[in-house]
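1. when you get a sec, could you give me coordinates for this:
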Amino acid sequence: MSPHETILYAVDGPVATITLNRPERLNTIVPPMPDEVEAAVTEAVRDDRVKVIVLRGAGSSFCAGYDFGEGFSHWDAWITTDGAWDPGKDFWFATAPQIAPTQKFLSLWRSPKPVIAQVHGWCLGGGSDTALCADLVIASEDAQIGTPYSRMWGAYLSGMWIYRLGLTRAKLHALTGRPLSGREAADVELITEAVPFDRLEATVAERAEELASIPMAQLAAQKLMVNHAYEQQGLGATQTLGPILDGLMRNIPEARAFIDRAATEGVPAIVRERDARWGDYSTAPPERRPDPRNVIEP
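-> Numbering: from 1, shown residues only. Sure thing, here's the model as predicted:
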């Protein structure tokens, strides 16, 4: 594969590792990250040596969601006309498999080879939607997984929060955006398991080794069966609706004011105001934050 701007890709025996590699920005999503993740998944699927894919983030976090430090200007060519939001363009950009970021991250879900997401630090917004596209999600106990866009400037993208949780928990997190620690996420079965950070990489390696001991066709058959069961429940329709609603929620009057203020006051200030009444994310006490010393070296 050619060199990448936003990820690293490596193969070691039967395991391909995709590392989100914008650690200075908490691996927030900008172009061409979705394209590069999809290309890496395609490379792994085509590689006869590979039986398991691991997705992780470099630095102190897995992924803190989409980078809106400059509004959504990274995607302007696809969603604006003459400098103004174009709902028609946004609609087809959000749903076209060939270009839509969410559809490209769903390559993890569609891969016939099992995917393990290795989550640590912040796993927020679109980052959480992406991690939950994996088959197994293994997190450090102190990770923080959440969707702050539930409160402002977005909507569920992949639908995985809904389908991994029961109705009661899905409604709670959809309406409030409250985050879960890795330990809490495992306890409510949003993710597969949570371990201390110093055991995270070893645990992921152990699970990957276990999966790699199973015939590839067997893995693909079992994944296909489970995926199709959930798609028959409407997951595909949810994954179409989510990005459309996300575009609308980024352009309601309150969301436009939110971004305008971010441009003048800075993102940290408006995010703190958003989170203040909840006491989480940017306003969380130390015990509700990931340990900044927990760093993944690429």
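2. what's around residue 90, how many residues?
-> 22 (other Cβ atoms under 10 Å). Bear in mind the C-beta positions are built from the backbone N, C-alpha and C, glycine included.
3. list the contacts of it.
-> 78-79, 247 (Cβ atoms under 8 Å, 6 or more residues apart in numbering).
4. any stretches of the protein with poor pLDDT?
-> 1-2, 71 (pLDDT under 70).
5. where along it do the strands fall?
-> 7-12, 15-20, 52-57, 69-72, 80-81, 84-85, 115-119, 122-124, 136-140, 144-146, 180-181, 193-195 (DSSP state E).
6. packing partners for the fourth one?
-> The one in question is strand 69-72. helix 253-265 (3 or more Cβ pairs under 8 Å, 6 or more residues apart in numbering; DSSP states H and E).
7. tell me which residues in the helix it packs on are buried?
-> 255, 258-259, 262 (16 or more other Cβ atoms under 10 Å).
8. and of the residues you listed, the nearest to residue 286?
-> residue 262 (25.5 Å; Cβ to Cβ).
9. export the contacts of residue 90 as a markdown table, with columns for distance to residue 55 and neighbour count.
-> Listed next are the contacts of residue 90 as a markdown table, based on distance: Cβ to Cβ, whole Å; neighbours: other Cβ atoms under 10 Å:
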| residue | distance to residue 55 | neighbour count |
| --- | --- | --- |
| 78 | 24 | 18 |
| 79 | 26 | 22 |
| 247 | 25 | 22 |
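10. hang on, the earlier thing: give me whichever of the strands of the chain is most buried.
-> Mean neighbour count, computed with mean count of other Cβ atoms under 10 Å, is highest for strand 122-124 among the strands of the chain, reaching a mean of 29.
11. now the strands of the chain in TSV, with distance to residue 270?
-> Listed next are those as TSV, based on distance: least, Cβ to Cβ, whole Å:
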stretch	distance to residue 270
strand 7-12	29
strand 15-20	25
strand 52-57	24
strand 69-72	11
strand 80-81	22
strand 84-85	19
strand 115-119	26
strand 122-124	15
strand 136-140	28
strand 144-146	17
strand 180-181	23
strand 193-195	31
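12. mind listing what residue 248 touches?
-> Taking Cβ under 8 Å, 6+ apart, one finds 87, 155 in contact with residue 248.
13. distance of it from residue 106?
-> 20 Å (Cβ to Cβ, to the nearest Å).
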